[in-house]
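Q: Predicted model and sequence below, questions to follow.
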Amino acid sequence: MNISMELLRNFSSVGAGASREFSYPFTRKTKQRQLSFVYLSRTSYSFKSCSATLSLTAEVEEKPKLDVDKAALLARELRKTFNSGRTTNYEWRMSQLKSIEKMLEEKENDITEALYKDLSKPGLEAFVAEISQVKSSCKLALKELSRWMIPEKVKTSLTTYPSSAEIVSEPLGVVLVISTWNFPFLLSLDPVIGAISAGNAVVLKPSEISPATSLLLSNLVEEYLDQSAIRVVEGSVDETTALLEQKWDKILYTGSARVGRIVMAAAAKHLTPVILELGGKCPSVVDSNINLQVAVRRIIYGKWACNNGQACIGVDYIITTKDFAPKLIDALRYELEQFFGKDPMESKDMSRIVSSSHFARLASLMDDDLVSDKIVLGGQRDVNQLKIAPTILLDVPEDAQIMQEEIFGPLMPILTVEKLEDSFKIIQSKPKPLAAYLFTDDEQLKKNFVQNISSGGMLINDTILHVATDGLPFGGVGESGMGSYHGKFSFDAFSHKKAVLYRSFNADASIRYPPYTTQKQRLLKAVINGDIVSLILALIGR
Amino acid sequence: MEELENSLGKLRQCFRSGRTRSVAWRKNQLRAVLKLIHDKEDAIFEALQQDLGKHPVESYRDEIGVVKKSANYALSNIKKWMAPKKQPVPLLFFPSKGEVLPEPYGVVLIFGSWNFPISVALDPLIGAISAGNAVVIKPSEQAPACSSFLANILPLYLDDSAIKVILGGANESEQLLQHKWDKIFFTGSPRVASQVMTAAAKYLTPVTLELGGKCPAILDSLSSPSDMKVAVKRIVGGKWGACNGQACIGIDYVLVEDKFKSTLIEILQKYIKKFYGENPRKSGSISRIINKNHFERLQNLLKDPFVADSIVHGGSLDEEALYIEPTILLNPPLNADIMNEEIFGPLLPIITVDNIRESVDFINSRPKPLAIYAFTKDETFKRQILAETSSGSVTFNDVLVQFLCDALPFGGVGQSGIGRYHGKYTFDTFSHEKTVMQRAFFPEMEPRYPPWNDFKLKFLRLAYEFDYLGILLLMLNLKR
């Protein structure tokens, strides 16, 4: 297809038609392929297909199971590496980061394929949401690391005169990164990049719910990175539990609040600091004074084009005014068709639901008596393909299950209120979410929203993008998490900021030492307050 | 229990009403803290004298002065701290605004400690108020005079619909921990800290834990005798001068080369005498042990016969007066309790090494301490200590003063703690830094949206490289 035609199509105000030519950046192998099952704990299967008999034979390869003893051994081994100083120097960190960069160049197709296997993630989404982000992180670290590693000089006051002071960033030691299944590649490597740039040894535990990516990560890390300091442990609950029994110098966990609690409690035993990247019901408040088409496209981008709703920062539900809701729903209907075609179940541009248990969970949210008659769009499902069509529900009751838990799927409830300010109370009655979105032209409403809604982050007039901006920290608050990372914040997250004060032997003030006299007391008061006038007065005996 | 529920409910309501968020409210509360400190200075001296036998100069230096300084610092800087911090946003997203806006967590819980019962309660309080939170302080029951002081006096000066003091012991602490807090700030021992964090995990409450550790002082060879004198003077001040060894950043033990041990002991003795006279107990310039439990704990450290044998100075105890003489030990056995737990008392072990560089390995074989002190003029050694050891902080050629440096974060690592405070860091520790980004409706970037195709992929590849020229060429159909 001629590029200029593409150009016209892409930059016209309204897209035309549903069928277009496109090609994927990878070719799907139809012959022998590796399939992995969900809940792969310690075995991997490779299948050979025989077209004659249409049968599959499985070869089972038993991987050694990681129990508490093996986990302890692993932690000890990495600690030895760390203590040797290997990971602390600049050259090592840069070499690992460069290897990651190389890996991303050389294995892009493998990564895209694994993401497709795990989530039917469209190639472009895999590129934009995962691969490019990791590439950016890596590039940023490579470019800035030498600057990040420089100690930060700080000002000292009269109180400690004469002195100089600085804050030195040092690695924490051996850290554990526990990742999740929805952006399995990004959420595994992004923290690992931060940990490496800060000079730590790392253990990565990818999610078993995205087994192809988990296996790929295990192989790639082994192939490209320093095995004495960076390791991947595959597995599920047992393996994670064994890992959590060990002492780590920091744990970064991405996942659900329920498991977040378990991770923090386990960390408490060793006084290990944690970063918890959780989720929540991220609301999107929609005003009527907006460019409706652009807003709707951005909402769709932040819901169905983003791993089909399975994203911690995806739009969970919408709040708008009663008057505006019909227009909003019409616009959503129209744009959804532009994006995914008349029959979204056939669209190749939408990820599937990750597993049958999540599918069942979402189905039960839809089948709930309280909401089943509120569906105004969509509702179709295909359990074999693990596909659910973009579904919109209008005015679901607050006590329906769909409003009680993070949806994490392609169901979009729309709540209506009399006036938009009422939406604040609804949002505040729920646990603080990871992100909150607002579409409006009203400056006062924007101000009120920013001041009064507490969330990990917020974005006005768009969705998702704030986490793709390096200068902005990414993290939650309350139930949506603690701590943050991205960009330099990742380096900081995995560093200990050590305070260093340099003093000299000169000017030793005897007022510091006993025996304590009134004169000393006066002088001390002045010095502590950094108050030159009082100091002079005290010195001359007043 | 019900009363507690009610109190907490009211605090939460107060926070929700937005009362604690205005700059005016925060500044008023900070001014009230200053007034309190000013008006009740004598009462505070009295309470500290009662709980710990602290001399007013020590009390001023370590408690009142610290709180005054913090409150003044917060007052001058609060507007700056509250302002959103603008962050650069890539051109690709133009026009966009990105910033990080600090907001209060909500209702926070501060656990005080008994060794600096006023400053360890009020210094974090100042930060919590500056950040706009509602606060509950739970002072340590082991310092009863100061706890009562806080419970009785704070409500007279501060807004008690938003700031409360709750008294009690382990039971009350446990009850408090069963409730949901938006942040917990704890100063104390690692053992209790672990329990606090476990309780916090139930509600995913972020914590700051200020613990302790065995803070070593490394004494290198100092060629100038006057430097040596100053160094040892500071060591004496850093051991017995701050609550008589009962301080998280106090010197726990000293590492010195074998050939200097006699000189060190001699000068130590000289300055102990100079500071505290022949009979330190009568000097009035040295705090006493907080209570019988801790007295017995310290007494037990000395019971080990090999440890008792290593005493070269002091060693006398008076249970009634809860007094232990400044005691110096030379090379007690390394497997004795005194070398494996934080001493938190007036016993100073001196550990000798053949070469001072060995101190690095010695320190690294123990949990990371809150502070490392090193008296040396050797720049290479300084760099080695910095690079090869890990601790909350490192201070060269002095002790304790890093505490007074508002620009330096004060906190531990590993067993010595999680998080940090002092100066702006206190404000930060009680704030959630919320990312706020704003975009406009125009221009639109079509390649963001499905259906996906090759062109969009090409565009996005260039976008991620921030290859604006490439994008331009692509759009003009000039890119291959």
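A: Good, I have the coordinates. Numbers count the residues shown, from 1 in each chain, chains lettered A, B, ... in the order given.
Q: Quick one: neighbours of A:L377, just the number.
A: Applying other C-beta atoms under 10 Å in any protein chain shown, we find 16 residues neighbouring A:L377. Backbone N, C-alpha and C define where each C-beta goes, glycine included.
Q: what do you get for A:S84?
A: 12.
Q: and if you look at the one 3 residues further on?
A: For A:T87, the neighbour count with other C-beta under 10 Å is 26.
Q: Next: A:L252.
A: 29.
Q: for it, phi and psi?
A: phi -110, psi 120 (degrees, to the nearest 10).
Q: again with B:I338
A: According to degrees, to the nearest 10, B:I338 has phi -60, psi -20.
Q: That one touches B:L348, doesn't it?
A: No - the pair B:I338 / B:L348 is not scored as a contact, 10.2 Å apart, by C-beta atoms under 8 Å.
Q: what about the helices in the stretch 251-400 of chain A?
A: Using DSSP state H, counting those that start in this stretch, the helices of the stretch 251-400 of chain A run over residues A:257-270, A:292-301, A:325-340, A:356-367.
Q: does any part of the longest one sit near chain B?
A: Yes - judged by C-beta under 8 Å from any C-beta of the partner chain, helix A:325-340 comes into contact with chain B through A:339-340.
Q: that older thread, how about JSON lines for the helices of the stretch 251-400 of chain A, with distance to A:K247 and mean pLDDT added?
A: Listed next are the helices of the stretch 251-400 of chain A as JSON lines, based on distance: least, C-beta to C-beta, whole Å; pLDDT from 0 to 100:
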{"stretch": "helix A:257-270", "distance to A:K247": "4", "mean pLDDT": "97"}
{"stretch": "helix A:292-301", "distance to A:K247": "42", "mean pLDDT": "95"}
{"stretch": "helix A:325-340", "distance to A:K247": "48", "mean pLDDT": "95"}
{"stretch": "helix A:356-367", "distance to A:K247": "33", "mean pLDDT": "95"}
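Q: Report the contact partners of residue 291.
A: Just so you know, I chose chain A. By C-beta atoms under 8 Å, 6 or more residues apart in numbering or on different chains, the residues touching A:N291 are B:441-442.
Q: should've been chain B
A: B:142, B:322.
Q: The spatially most central residue of chain A: which element?
A: Centroid-nearest residue in chain A, with C-alpha atoms, centre = their mean: A:L187, separated by 5.7 Å. Element membership for A:L187 (DSSP states H and E) is helix A:186-197.
Q: what does the stretch 251-400 of chain B put close to chain A?
A: So the stretch 251-400 of chain B meets chain A at B:271, B:275-277, B:283, B:285-286, B:364, B:386-388, B:390-398 (C-beta under 8 Å from any C-beta).
Q: And the residues you listed, which of them are buried?
A: B:271, B:275-277, B:285-286, B:386, B:388, B:390-398 (16 or more other C-beta atoms under 10 Å in any protein chain shown).
Q: quick one, strands of the stretch 51-200 of chain A?
A: A:55-62, A:152-154, A:163-171, A:174-178 (DSSP state E, counting those that start in this stretch).
Q: Show me the contact partners of the third one.
A: Contacts of strand A:163-171 from elsewhere in the structure, counted by C-beta under 8 Å, 6+ apart, are A:82, A:87-88, A:148-149, A:151-156, A:198-200, A:491-492, A:494-504, B:386, B:390, B:398, B:401-402, B:405, B:407-409.
Q: how about it: buried residues?
A: A:163, A:165-171.
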